[in-house]
Every structure is written in structure tokens, then in C-alpha cells.
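Colleague: Please find the sequence and the predicted model below.
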Amino acid sequence: MHYQYTFEVGPDAIDENGHVNNVEYVRWMQEAATRHAEAMGSLAALADLDATWVVREHDIKYFQPAFAGDRIGVQTWIENFRKVRSLRRYRFVKLDGYVVLAEGATHWIFVSTKTGKPMTVPPHIQELFTIVPDPAAIPTDTW
């Protein structure tokens, strides 16, 4: 269904405004996608195909700031697959009170590592993941 993990915000994630820098959320999105793909066996399958995913676009909405020492839960899931692309969503939750800090999305393009050109996402790659079209189906307090 979805993948989730937790971590504590370190001091090097904090910017001059005293809260987590927005760039950290992009890094956390990449890490969540990689962890999820690895957990589902997708990274090995991609290597066998000489294929990879590349980012076309990131979208992030921030609701509350996070600070050093905060325990954060990250949730990620696949919303859909289209011919050569996929939409992955993310939710960042402050575990103290289960406050949603931010939500994001990444539009990924499936490409050949040999040519760099888009490839159709094979069914066996799609089948590694459960599609979650409605984020309301994923509770924010399941840590």
C-alpha cells in the first residue's frame, strides 16, 4: 500500500530562519522514494532492465515548520502509472501530535540507462506497488 519511516531532524537541516530548509524536503522525498523502491524489489528489477526513474517535476506544499529535534514520519505511495511515467506522493508528519507538516508529489519518468530515452513502464514493475489513488486512505497516526 504505502511505505513509511521515521527520523529525527538534525541541526544541519535548519536554515537561517531557524526551521527546516525547504530543500531538505526534496532530499527526504528522494530518500523515501528510494527506500520504498528498494523495499519492494524495484531497484534490482530496474538494474535488470537497464532502466531508471528520473524526476520531471516536484511539487511541495508546506503547512507547518519543523525544527531540530522533531521526530518526523514520512509516508510515500504511488498514485498512478501512465505509459512512461508515474506519480508518487509524500506526506511529512510531526509525530508529536501527528501534525501534517507538508505534502508533496513527484512526477517520475521511466528511462533507459543506455539511451536516456523514455520507456514504457513494464507490467512487472507496476505490479511491485499497490496504487493508492486517494491519500485519505492513509492515516497520519499509524506510527
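Modeller: Structure received.
Colleague: which ones are touching the closest residue to R82 other than its chain neighbours?
Modeller: Nearest non-adjacent residue to R82, counting by CB to CB, 6 or more residues apart in numbering: V121, 8.0 Å away. Quick note: C-beta positions are derived from backbone N, CA and C, even for glycine. Neighbouring residues of V121 by CB atoms under 8 Å, 6 or more residues apart in numbering: 81-86, 110.
Colleague: try R89
Modeller: 76-79, 103-105, 132, 135.
Colleague: Just the buried ones from the contacts of V121?
Modeller: 81, 86, 110 (16 or more other CB atoms under 10 Å).
Colleague: re earlier: which among the contacts of V121 gets closest to A39?
Modeller: S86 (16.2 Å; CB to CB).
Colleague: Just the element for that closest one, please.
Modeller: Secondary-structure assignment from DSSP states H and E places S86 in strand 85-94.
Colleague: longest strand of the protein?
Modeller: strand 99-112 (DSSP state E).
Colleague: by contact count, what packs against that strand?
Modeller: If you count contacts as 3 or more CB pairs under 8 Å, 6 or more residues apart in numbering; DSSP states H and E, strand 99-112 packs onto helix 22-39, strand 51-62, strand 85-94.
Colleague: swap the cut-off to 10 Å and go again
Modeller: helix 22-39, helix 42-49, strand 51-62, strand 71-82, strand 85-94 (3 or more CB pairs under 10 Å, 6 or more residues apart in numbering; DSSP states H and E).
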